[in-house]
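Chemist: What follows is a predicted protein model with its sequence.
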Amino acid sequence: MENAQAGYFFGQFGGQLGRDNTGKDAGAALASCRVAIRNPYRLAATTKEHDMATATLPSVAAQVATIDDFVEIENVGLVYGRGASRTRALDATTIRIRRGGFAAVVGPSGCGKSSLMKLVTGLLPPTRGTIRVDDTPVTGPLKIVGMAFQNPTLLPWRTTLRNVMLPLEIVQPHRGRLRRHYDEYLADARALLNAVGLGEFENRHPWELSGGMQQRASLCRALIHKPDLLMLDEP
């Protein structure tokens, strides 16, 4: 898709984005990924059988939609600023993300993809609507989420290895276990770095890494605490 960028997160979704930075409606840029329900009567030869199948599908769809929804975004809107400077980032967005799935939000720059991710992780409160993750209302930053931002945001005074281990110093229960299980966590961090080809650069600082290497380190940092929900902003 020309001039399109993508943000990715796990699950199943369908919804509407707000406007892009040109003021155009970006709702059409939001792809939807829904569970396909196969009609068991699709080969029916008679009208009666076909009508039976059509009547059955809505109830089946309703049951599927309620099974194991991990992220629930209900009629969410987000507005930045006030008065004449108000910018609508999201409007009437409703999304369902199922545990263990994968979803991608695709749209032009400025249409609200990053804002949507910050809302789900609790980094921003919505202007209206509700967000639930793992059947719990989102009222602040979530410890079960790992997020890789558009920019690597590595701390310049830390080595690559120490940047990757940063969430372990912040997120419970890892923070309380870090000192007693340091060698175990260290092995996990090194395994992640080796997996993305950065094993030999664990003692390098961010300015000694290329942009792509910094992004890979950022991904390792998002994974180190084994999050239940992984958010990737233009990975």
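Modeler: Arrived safely, thanks for sending.

Chemist: contacts and neighbour counts: CA atoms only from here.
Modeler: Noted.

Chemist: Please enumerate the strands of this protein.
Modeler: With DSSP state E as the criterion, the chain has strands at 4-9, 69-80, 87-98, 103-108, 128-133, 136-137, 145-148, 229-233.

Chemist: partners of the shortest one, with directions?
Modeler: Sheet pairing here is set by DSSP bridges, and for strand 136-137 it gives strand 128-133 (antiparallel).

Chemist: Buried residues, the partner strand. List them.
Modeler: For strand 128-133, the neighbour count (16 or more other C-alpha atoms under 10 Å) marks 129-133 as buried.

Chemist: Just the helices from the protein, written as ranges.
Modeler: Secondary structure of the chain (DSSP state H): helices located at 47-65, 113-121, 160-164, 174-177, 182-195, 211-223.

Chemist: quick one, which of the strands of the chain is nearest to Q172?
Modeler: strand 145-148 (11.9 Å; C-alpha to C-alpha).

Chemist: Packing partners of the closest one?
Modeler: Taking 3 or more C-alpha pairs under 8 Å, 6 or more residues apart in numbering; DSSP states H and E as the contact definition, the neighbouring helices and strands of strand 145-148 are helix 211-223, strand 229-233.

Chemist: Lowest average pLDDT across those?
Modeler: Within the helices and strands packed on strand 145-148, confidence is poorest for strand 229-233, with a mean of 91 (mean pLDDT).

Chemist: Who are the packing partners of that strand?
Modeler: strand 4-9, helix 113-121, strand 145-148.
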